[in-house]
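In: Pasting the sequence and the predicted model now:
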Amino acid sequence: MEPMFPTSKDSSLTDLSIEVIRRSAALSTSLHPKTRMAVTELVRSMNSYYSNLIEGHNTHPVDIERALAKDYSHDPAMRAMQMESAAHIDVQRLIEGRLHEQPYEDICGQDFLVWIHSKFYERLPEEFCKIQTPEGKSKIVIPGEMRQYDVTVGRHLAPAFKALPNFLTRFQTAYSPLRLNAANKVIAAAASHHRLAWIHPFLDGNGRVTRLFTHAFLIRAQIDGHGLWTESRGFARNRNGYLAALAGADEHRQGDMDGRGNLSNRGLVSFCTFFLRIAMDQINFMSDLLEIDGLQKRIEGYVARQVSFDELKPEAFYLLREALLRGEIPRGEAPRITGLPERTARRILKKLLEKKLLIGDSEKSPVRLSFPAKVAGYYFPQLYPEGVEITDP
């Protein structure tokens, strides 16, 4: 599967990687840490939505939110997709926790990759662990088990299953972020995404495992913006381009001017360029959405709409704005912030809590912003595709 890193005659990939580092760093500091945590929760759900959408599974954001609350549909097909979406979010949280607890773990090692697959598949419904081979045979996907069969994926003949340990050892040696400088980590995040998909180490689930692995790599490369953006949104919105770029990097070397490995260097350069441009686009998109003045105006517009339906009082905006800027606010400050008598201010606060626009850890704890799916279309327009965005009436 050589080359492991793309080589080009100019510095375009290095320049792109440096710009990704710069812009992701700016994004990560754009919000108060507690507000940022609330946005990160929304982005995890969005990441699950788009990663599964790439695989052809379209689970509505509201249904994902219900799944996280263990409120599953009575329809078996919808329930299965809800469980799949919740599994993706659960595993992303597990990855983030593991990387925080084990800062020197090599995420490119086979143990880590197998762990991702295991944690994901042990949370899936039984019907999603059964697949049909091209020959019409039924196979059961065992969580964390490397594939025991040779497979062809489209035009790509994946490495023989007996050779998987050798390929994964080479993968780890080449891409371990513990051995790379900052710019090369960013390029490795792109290159490793393709090469892991190319190895196809599992019988099923390789796409989602690869995207979850890439999430881990972005964290290790310190370009994840503290969880405020996701590559999967860009991939899903340009699914044909994503699949074409993957297929291009699958190609064998095209003559003496196409590198010295068995795979096309030109194809790998194109894929890495595509990956990093998607990263730039998504970082810029989230940076624009999270610009404080614009976000405040959209929250104010949402409150005004709710006021017109007699669902909220105008002063509710002051509490939401204060939570946005300060991260959290003590409940006892509601009268001061709204400029209203204590009893009236508490009623407004109670209404915001009932609507889950503010949340707290207990009945007396400070409150902070929350972003339920029903307000995503107002607060964060175009976060989801047109026709999918949910807006509160």
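Out: Received, thanks.

In: Helices of the stretch 151-300 of the chain, residue ranges please.
Out: Secondary structure of the stretch 151-300 of the chain by DSSP state H, counting those that start in this stretch: the helices cover 164-175, 182-199, 206-220, 231-237, 239-250, 265-289, 292-308.

In: among those, which is nearest Gly259?
Out: helix 265-289 (2.8 Å; C-beta to C-beta). From N, CA and C alone the C-beta is placed, and that goes for glycine too.

In: chain center to the closest one: distance?
Out: The chain centre lies 14 Å from the centre of helix 265-289; the measure is C-alpha atoms, centre = their mean, to the nearest Å.

In: got it, and stretch 242-251?
Out: For stretch 242-251, the distance to the chain centre is 21 Å (C-alpha atoms, centre = their mean).

In: out of the helices of the stretch 151-300 of the chain, nearest to Val151?
Out: Nearest of these to Val151, taken as C-beta to C-beta: helix 206-220 at 9.6 Å.

In: So, low pLDDT: which residues of this structure?
Out: 389-393 (pLDDT under 70).

In: Could you save the helices of the stretch 151-300 of the chain as a markdown table and add columns showing distance to Tyr104 and mean neighbour count?
Out: Shown next, in a markdown table, are those (distance: least, C-beta to C-beta, whole Å; neighbours: other C-beta atoms under 10 Å):
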| stretch | distance to Tyr104 | mean neighbour count |
| --- | --- | --- |
| helix 164-175 | 14 | 17 |
| helix 182-199 | 15 | 23 |
| helix 206-220 | 10 | 23 |
| helix 231-237 | 24 | 23 |
| helix 239-250 | 30 | 18 |
| helix 265-289 | 25 | 21 |
| helix 292-308 | 36 | 15 |
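
In: For Ala38, find the nearest of those.
Out: Closest among the helices of the stretch 151-300 of the chain, using C-beta to C-beta: helix 292-308, at 11.9 Å.

In: Put the alpha carbons of stretch 19-39 into PDB.
Out: Output of stretch 19-39 as PDB, limited to C-alpha atoms (Å, rounded to 0.1, in the frame of the first residue of the first chain):
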ATOM      1  CA  GLU A  19      -3.800  26.700   7.600                       C
ATOM      2  CA  VAL A  20      -6.000  23.900   9.100                       C
ATOM      3  CA  ILE A  21      -3.900  24.100  12.300                       C
ATOM      4  CA  ARG A  22      -4.200  27.900  12.400                       C
ATOM      5  CA  ARG A  23      -8.000  28.000  11.800                       C
ATOM      6  CA  SER A  24      -8.900  25.100  14.100                       C
ATOM      7  CA  ALA A  25      -7.000  26.800  16.900                       C
ATOM      8  CA  ALA A  26      -9.000  30.000  16.400                       C
ATOM      9  CA  LEU A  27     -12.300  28.000  16.300                       C
ATOM     10  CA  SER A  28     -11.400  26.200  19.600                       C
ATOM     11  CA  THR A  29     -11.200  29.500  21.500                       C
ATOM     12  CA  SER A  30     -14.300  31.100  20.000                       C
ATOM     13  CA  LEU A  31     -16.700  30.200  22.900                       C
ATOM     14  CA  HIS A  32     -16.800  30.000  26.700                       C
ATOM     15  CA  PRO A  33     -15.700  26.400  27.600                       C
ATOM     16  CA  LYS A  34     -19.100  25.500  29.100                       C
ATOM     17  CA  THR A  35     -20.900  26.800  26.000                       C
ATOM     18  CA  ARG A  36     -18.400  25.000  23.800                       C
ATOM     19  CA  MET A  37     -19.300  21.800  25.600                       C
ATOM     20  CA  ALA A  38     -22.900  22.200  24.800                       C
ATOM     21  CA  VAL A  39     -22.100  22.800  21.100                       C
END
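
In: and Met257, how many neighbours?
Out: Residues lying near Met257 (other C-beta atoms under 10 Å) number 8.

In: Quick one: the strands in the stretch 51-200 of the chain, in order.
Out: Assigned by DSSP state E, counting those that start in this stretch, the stretch 51-200 of the chain shows strands spanning 130-132, 138-140, 152-153, 156-157.
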